[in-house]
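> Fold the stuff below for me.
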Amino acid sequence: MDRCPREQGPPLLAGSVVYEAFRIDPPVPLQYGKAKQDMVIENHENCFQVKKGEMLFGFQPFATKDPKIFERAEEFVGDRFLGEEGEMLLKYVVWSNGPETESPSVNNKQCPGKDFVVLVSRLLVVEMFLHYDTFEVEATKAVLGYDVNFISLTRANSS
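Numbering: from 1, shown residues only. I've put the predicted structure just below:
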């Protein structure tokens with residue numbers, strides 16, 4: 001069965017921009033919980049045994065900025081999640097207490113508002129580009145995340 005090529009216009013680009021924003025500066029950077037069962041957690045070099053009842057803590061930017069997963073991990077790359085290769089990277093975007101490729105359910109602790117947050121964020125990006133042809137921002141590293149200030153805005157021509 002042949003796959004139809006998907007358009008890579010504004011709707012997909014807006015989604016990629018939102019996922020990249022959530023990857024580079026997760027809205028929920030700190031997560032914790034108790035292990036419900038004995039398990040092994042692995043990273044690229046090691047594995048760690050976790051016993052049932054032990055407290056786990058996660059700092060999402062360690063995972064979402066992993067240079068072994070993301071090329072140019074510290075850079076904002078707006079089209080990072082376009083195409084098949086980009087879609088495969090979505091499983092490493094874990095801002096919502098679970099991979100972006102999974103859905104919230106009663107069996108996991110993933111944020112039930114995850115899809116709503118992504119939708120509203122995409123709408124915000126689309127609105128920016130509907131109203132402004134260009135804009136310039138200055139982003140500076142803050143204690144937690146980034147401070148973003150708009151330096152200039154050029155209104156879109158209404159034609």
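> Do a quick rundown of the strands in the protein.
30-34, 39-42, 47-50, 55-59, 132-141, 146-155 (DSSP state E).
> Now residue 92. Nearest residue, chain neighbours left out?
Of all residues not flanking residue 92 in the chain, residue 69 sits nearest, at 5.1 Å (C-beta to C-beta, 6 or more residues apart in numbering). For the C-beta atoms, the positions are set from N, CA and C on the backbone; glycine is no exception.
> give me every residue that touches residue 136.
Each residue near residue 136 by C-beta atoms under 8 Å, 6 or more residues apart in numbering is listed here: 150-152.
> swap in residue 107?
So residue 107 contacts nothing (C-beta under 8 Å, 6+ apart).
> okay, it: pLDDT?
The per-residue pLDDT reported for residue 107 equals 86.
> State the distance from the closest residue to residue 24 other than its chain neighbours to residue 84.
Closest residue in space to residue 24, ignoring its immediate chain neighbours: residue 76 at 5.5 Å, by C-beta to C-beta, 6+ apart. Noted for residue 76: a distance of 21 Å to residue 84, by C-beta to C-beta, to the nearest Å.
> Who has more neighbours out of these two?
More crowded of residue 76 and residue 84, by other C-beta atoms under 10 Å: residue 76, with 14 against 8.
> Which parts of the longest helix seen in the chain count as buried, going by neighbours?
With secondary structure taken from DSSP state H, the chain has its longest helix at helix 114-131. Neighbour counts over helix 114-131 (16 or more other C-beta atoms under 10 Å) mark 114, 117-118, 121-122, 125-126 as buried.
> low pLDDT regions in the protein?
Applying pLDDT under 70 to the chain picks out residues 1-11, 158-159.
> and if we set it to 80?
1-12, 143-146, 157-159 (pLDDT under 80).
> what residues are up against residue 32?
Contacts of residue 32 (C-beta under 8 Å, 6+ apart): 55-58.
> Assess the claim that residue 55 and residue 34 are in contact.
Yes: look at residue 55 against residue 34 with C-beta atoms under 8 Å: they come within range, at 5.8 Å.
> related to what we said a few turns ago, and which of the contacts of residue 32 is nearest residue 28?
Nearest to residue 28 out of the contacts of residue 32 is residue 58 (C-beta to C-beta; 10.0 Å).
> Tell me, how many residues neighbour that closest one?
Other residues close to residue 58 by other C-beta under 10 Å number 16.
> quick one, what contacts the residue nearest to it when sequence neighbours are not counted?
Closest residue to residue 58 apart from its sequence neighbours, by C-beta to C-beta, 6+ apart: residue 31 at 4.6 Å. Residues near residue 31 by C-beta under 8 Å, 6+ apart: 57-58, 60, 97.
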